[in-house]
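> Have a look; sequence and predicted model below, questions after that.
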There are 2 protein chains.
Amino acid sequence: MVVVHPISGDQLVLGLDLVTVPSLKAALENVETSGCDFVVCPLVHPRYERVPLERNDWNTEDVGVKPPWIDRDDPLTRSGMELRSGQWIEGVVGKLSPWIRLDSTSARTRRLSEVAFREEYELAAHLSLKAVITPRISSADDCANLANCINSVLSSELPTRIWVRVPISFGTGDPELCGEPASERSPWDVWNKIRTLCNSHRSLGVVLEIASELVGKRATERWCAEPVEMISIPTSTFVKNKAGFPVLLKRHKDFVTNMFQSKVPFAVSGNAATTNSAEGAKPYVMFLAHLFGKQPADGHDADDDQYLDYLQSPLQPLADNLEGSMYETFESDPVKYARYQEAVRLYLSQKIVERVVIMVLGAGRGPLVAACLAAAEQTQRKVYVYAVEKNASAIITLRNRRDREPWKHRVKVVQADMRSWKSPEKADLIVSELLGSFGDNELSPECLSSTHKLLARDGICIPQNSTSFIAPICSQALHSNVAALGPSRAHFETPYVVKIRHGVPISSPQPCFKFTHPNGKESHDYSRYAHLTFDVEEDYVLHGFVGYFDALLYGGIDLSILPETHTPKMFSWYSIYFPIVRPLLLKRGEVLDFHMWRRSSAKKVWYEWTVTSPAPIAIHNVNGRSYGMDVLPIS
Amino acid sequence: MVVVHPISGDQLVLGLDLVTVPSLKAALENVETSGCDFVVCPLVHPRYERVPLERNDWNTEDVGVKPPWIDRDDPLTRSGMELRSGQWIEGVVGKLSPWIRLDSTSARTRRLSEVAFREEYELAAHLSLKAVITPRISSADDCANLANCINSVLSSELPTRIWVRVPISFGTGDPELCGEPASERSPWDVWNKIRTLCNSHRSLGVVLEIASELVGKRATERWCAEPVEMISIPTSTFVKNKAGFPVLLKRHKDFVTNMFQSKVPFAVSGNAATTNSAEGAKPYVMFLAHLFGKQPADGHDADDDQYLDYLQSPLQPLADNLEGSMYETFESDPVKYARYQEAVRLYLSQKIVERVVIMVLGAGRGPLVAACLAAAEQTQRKVYVYAVEKNASAIITLRNRRDREPWKHRVKVVQADMRSWKSPEKADLIVSELLGSFGDNELSPECLSSTHKLLARDGICIPQNSTSFIAPICSQALHSNVAALGPSRAHFETPYVVKIRHGVPISSPQPCFKFTHPNGKESHDYSRYAHLTFDVEEDYVLHGFVGYFDALLYGGIDLSILPETHTPKMFSWYSIYFPIVRPLLLKRGEVLDFHMWRRSSAKKVWYEWTVTSPAPIAIHNVNGRSYGMDVLPIS
């Protein structure tokens, strides 16, 4: 259903990008000795000369000459048996011949390039290589014929991918990397063109090549949304320190450190002297490994990697019963229930009565009940807790816990729908955890509609309110993952819970909908409408919108999943992605007008969303036709 | 695409089937101490009495009474937090309450059973248990309402499966297992009925319970085609030996040893004294482990397990180029090329000429070339080998090998289509390996059509001939795997290469088509027709036909994948499965008439197949509409 990119967890994966490889076996051994994992090497032996000389009379479509190498009897390149197939697959990435120029203005060069391109790709596929890398694109290349040839070979659905080598900048200062004049077009523009012409084929990726000249933060960030499969770092980017060892200058060091977050492999490239021997390569490798080791631990759980860019349907706890393993995962959040306990403690410390009645609405297997009792213990308050839950299987666990200390005689387990439950007394405090990634998307407003009946006049709710936030996002990966679900438009009119890897917000998140509990009214209107305006600071492709929430528990204690204010170490929620059917190219300086509605009927609640500027698109999910949150009849 | 059943490779997976479980944590520890892996335990605490007493006035459809347990405030059973979710998933299989009788003639019992059945299944799903086991079926049960209730809960698509407990025999001799009179219906008949009513739902399985009375070979074999998920062995099946330890009598021992092949878990069941303590259970567990350890090693490769019942499209080496990793796999067969070498050696030892010209047609990366040169070495004959191959990537490897000893000056590498290649001289010997699982299904007859032009007058081919074989097969698993490919009829009109686990031939294989090389004629007719008759020795469901081949290399040296004569340790070929659209129930004593055609057009070759007796079915793959082997134009 969803392709998860191969990633390395907590290790830096390193390769050597070689110019010539006399013995591949020896090269692989060198790679290991120097602490690397793979080798990038030319597919065809350089001895197998195939560079077509340019001649004027070849500049015709009717080439009519068969490739000059077709009758040669010497092997095109090394034997497929030089390595075991496992080594080919794991240890080698192939490079297409550097003379291949698919967008040459010489028809003959172009034709011969096409033949060689297919021949070399098929060889790579025969060897089961993970990928082949194209020669570096330049600002002058049209790239249309490159894209056409890529489409042609990828349509065979072989597993070998094609990675386009793209410099981070077409800049001016670096003769080795870019002998071309500065250009209006950025490398991202060229790549975006190739990708678009190839309809964002899943087997198409980028090798991003670091240059002496770097680019600004926004321009760099854009690559986080692209399928960058490898970062190539030329030895020429390094300088020597006083001891004669290669190091990076600060701006390059910062850039590389930043790129470590993307968890893609790095490959060191350079001339034969530096990369073809373990001794030559080792200092560069050691510097990168050293730099990687100095990264701060990000509290990131390697187990979570499988969820990166993986689309999940949002839970519908009102309509569906949760499994025990989900409860277990939620309960293991190290921060969430501590915050709840702290909020209840603060409330109890300010509430001076003989006996505090607490209702936990949606008690699950009891983590909030436990938090309330612990807070009562801390404050030495006498509390009585009603644990209200509709899931019969969770009720079994609640009743078992109730029969044991410290719950004994302090907890009443109630199997009921919180919306219809008739309580024997009023509550001082209602505690619930009905928040979804977008705040209200698990129907907390509807579920808590009964609070005014259950609460004493001065009673309060925890959380006291919640606010959803939204930002435009550039993420081809998420959009492709939606497309992979099937051809139905409905897939693009549905939000997904997702831990985003390949995506960048185009602008800062803005508040969208806010709900306050209790809202003090007998009859409620939970429909909402928001119109938000975002500035576009750089060229981007818009693939939809990403949602977050922030909730105030009590007295300044909150839960947030906004990137800027995220509650540290809390992992209970990923963000939520609202796709749009057709990606929209946004230009720097434009203004993006976004509209979102929360609508409801007797049976369900749903969102609708659209864009009206810089260009209007169809309203998504009209009348909840593709997605809605089921409101079960009150039982 | 295909569900592969969880299997254990080379280990016996053992469980204890407990009657009462005071503490599940302790029970799991006991299980580990006694050398077991999992526990089978009741889902609901026996204290939670729910057995409905039978009363005459309840025998009405309009029960109108709510279940008597619905208002009880004590927990239905143990807490979901007694174990971590990983332990629930891996370590526990649930049993439905023994009083549940979904096919009771008492309407009230039936209704209460339905409520409890759903409640207990939902609890198991909440705990993420792998499966729940029904009470044992009996010959008297109608089972229609059981099937209805199973369908109802399985339609929720939760991962928890339902396993029906089926005794191996309804026999007479065993009061504990079967207090019922012998029956016309066998347990397989009842199970087959339940499975059919549930449309062979993928989440439905069998727990096969061994009884004192066993059944015949054919009747036992039938279970190999069913989704048996667990084998339950009651302690009452054991007898004590002189030292007082439990052992099995010979017929049971043979039966159990046989069942080990199926690689499903075993569970020991008995009274509390024997199974609820590690000491009680250990002797039984040790005996089974001992028995398992005595099994002869079957040369089985655990890596292969992933391919069991996994459907693969047959290779089309004439139309497609093979990958290097496939060549590598083929080349690693420890027997195949040794047999070829032996055949060539035998030929050369009888061929007294100065220089023997050998042509290897379809040389790949050269394993047959190497075998020929090794045979020449053995016989001290001078040979010259033409290695003919069309795959450009394999040619690279061939040329590299040609440039090294011992190939140097003795091998000519030719990149050509063997059908059109014009050789500079005639061959004494043509060697090829174009055999598919069904012999001719990789188009060896068509590919070798040029041999009469290439061979000297007394030249010969290796292999000299090949014969396909076919047998009717009962395999719900294969049929379901085909159905899972999609709704198109075409999937049932296509053969699949498959290593069969859940399937049994209904009758012995019979020869189908034979091809001889060279056939001595200038123009060839490779179309064939076979009409075969099979005796049905036991009730079976027919799900299609399974094909094999046998090829004579030279002078009595052959390759065979027929079960009875399989070349030892050769793994290059699995069998081939020809499905039929609708399974057909066959009764003992009936005769099965099978027809198969091999037909061809200019573009392709295909098979058609059908059954005419005991009941005719539509001819499958008419005119090759769903499947054909592409014959590329000769290049």
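Thanks, I have the structure now.
> neighbours around the residue lying closest to residue A:589 once chain neighbours are set aside, how many?
Residue nearest to residue A:589 in three dimensions, not counting chain neighbours: residue A:536, with 6.6 Å by Cβ to Cβ, 6 or more residues apart in numbering or on different chains. C-beta: built from backbone N, CA, C; applies to glycine. Neighbour count of residue A:536, defined by other Cβ atoms under 10 Å in any protein chain shown: 18.
> ok, the closest residue to residue A:269 other than its chain neighbours - contacts?
Distance criterion Cβ to Cβ, 6+ apart; nearest residue to residue A:269, sequence neighbours excluded, is residue A:17 at 3.5 Å. Contacts here follow Cβ atoms under 8 Å, 6 or more residues apart in numbering or on different chains; on that basis residue A:17 touches A:40, A:95, A:232, A:267, A:268, A:269, A:270, A:275.
> between those residues, which is closest to chain B?
Chain B lies nearest to residue A:95 out of those, by Cβ to the nearest Cβ, at 16.5 Å.
> what separates the residue nearest to residue A:589 from chain B, distance-wise?
43 Å (Cβ to the nearest Cβ, to the nearest Å).
> One more: residue A:147?
Taking Cβ to the nearest Cβ, one finds residue A:147 at 25 Å from chain B.
> pretty sure that residue belongs to a strand, no?
No. Going by DSSP: H, G, I helix; E, B strand; the rest coil, the assignment for residue A:147 is helix, not a strand.
> isn't it right up against residue A:197?
Yes. Using Cβ atoms under 8 Å, residue A:147 is in contact with residue A:197, at 3.6 Å.
> When the two are compared, which one has more neighbours?
Between residue A:147 and residue A:197, residue A:147 has the larger neighbour count (other Cβ under 10 Å), namely 22 against 17.
> what sits against the more buried one?
Contacts of residue A:147 by Cβ under 8 Å, 6+ apart are A:193, A:194, A:197, A:198.
> so which strand or helix has the residue nearest the centre of chain A?
The centre of chain A sits closest to residue A:501, judged by Cα atoms, centre = their mean, with a distance of 1.9 Å. Per DSSP states H and E, residue A:501 falls between elements, in no helix or strand.
> Which SSE is immediately downstream of the worst-scoring helix or strand of chain A on mean pLDDT?
Counting by mean pLDDT, DSSP states H and E, the weakest-scoring helix or strand in chain A turns out to be helix A:272-275, with a mean of 64. Downstream of helix A:272-275, the next assigned helix or strand under DSSP H and E is helix A:278-293.
> Looking at whatever helix or strand comes next after that following helix now, give me its mean pLDDT.
Counting by DSSP H and E, the next helix or strand C-terminal to helix A:278-293 is helix A:324-331. For helix A:324-331, mean pLDDT is 90.
> Helices of the stretch 301-450 of chain A, start to end?
With helices called from DSSP state H, counting those that start in this stretch, the stretch 301-450 of chain A shows them at A:324-331, A:336-350, A:367-379, A:392-402, A:444-447.
> quick one: the fourth one to helix A:324-331, angle?
If I follow you right, that is helix A:392-402. 60 degrees (axes from the mean of the first three to the mean of the last three Cα atoms, to 10 degrees).
> got a list of contacts for helix A:392-402?
Contacts of helix A:392-402 (Cβ under 8 Å, 6+ apart): A:321-322, A:324, A:327, A:363-366, A:369, A:387, A:389, A:407-408, A:411-413, A:415, B:73-82, B:119, B:122-123, B:126-127.
> Could you do the third one as well?
Identification of contacts with helix A:367-379 by Cβ under 8 Å, 6+ apart yields A:330-331, A:337-338, A:340-342, A:344-345, A:347-349, A:356, A:358, A:360, A:363, A:381-383, A:385, A:387, A:398, A:401, A:406-407, A:410-411, A:431-433.
> Residue A:584 is in what secondary structure piece?
Under the criterion DSSP H and E, the helix or strand holding residue A:584 is strand A:575-586.
> List the first helix or strand encountered after that strand toward the C-terminus.
Downstream of strand A:575-586 (by DSSP H and E), the next one is strand A:591-600.
> So which bits of the stretch 1-150 of chain A are right by chain B?
Applying Cβ under 8 Å from any Cβ of the partner chain, we find that the stretch 1-150 of chain A lies next to chain B at A:73-82, A:84-85, A:88-89, A:119, A:122-123, A:125-128.
> at 7 Å instead, please
Counting by Cβ under 7 Å from any Cβ of the partner chain, the stretch 1-150 of chain A comes close to chain B at A:74-81, A:84-85, A:88, A:119, A:122-123, A:126-128.
> circling back: mark which of the contacts of helix A:367-379 are buried, thanks.
Buried residues within the contacts of helix A:367-379, counting neighbours by 16 or more other Cβ atoms under 10 Å in any protein chain shown: A:330-331, A:337, A:340-342, A:344-345, A:347-348, A:356, A:358, A:360, A:363, A:381, A:383, A:385, A:387, A:398, A:401, A:407, A:410-411, A:431-433.
> Can you give me the distance of residue A:629 to residue B:142?
42 Å (Cβ to Cβ, to the nearest Å).
> now do residue A:157
Taking Cβ to Cβ, one finds residue A:157 at 50 Å from residue B:142.
> Comparing the two, which residue is more hemmed in?
Here residue A:157 and residue B:142 are compared on neighbour count by other Cβ under 10 Å; more neighbours surround residue B:142, at 13 against 6.
> So for the longest strand belonging to chain A, mean pLDDT?
The single longest strand within chain A, with elements called by DSSP state E, is strand A:540-554. Averaging pLDDT along strand A:540-554 yields 97.
> So which elements touch the helix or strand just after that strand?
Under the assignment DSSP H and E, the closest C-terminal helix or strand after strand A:540-554 is strand A:557-560. With contacts taken as 3 or more Cβ pairs under 7 Å, 6 or more residues apart in numbering or on different chains; DSSP states H and E, strand A:557-560 sits against helix A:336-350, strand A:540-554.
> And the last one, what does it pack against?
Taking 3+ Cβ pairs under 7 Å, 6+ apart as contact, the helices and strands that strand A:540-554 lies on are helix A:336-350, strand A:465-474, helix A:476-483, strand A:557-560, strand A:575-586.
> next one: it to chain centre, how far?
14 Å (Cα atoms, centre = their mean, to the nearest Å).
> Give the pairing partners of that strand; include direction for each.
strand A:465-474 (antiparallel), strand A:557-560 (antiparallel), strand A:575-586 (antiparallel) (DSSP bridges).
> I am finished for the moment; much appreciated.
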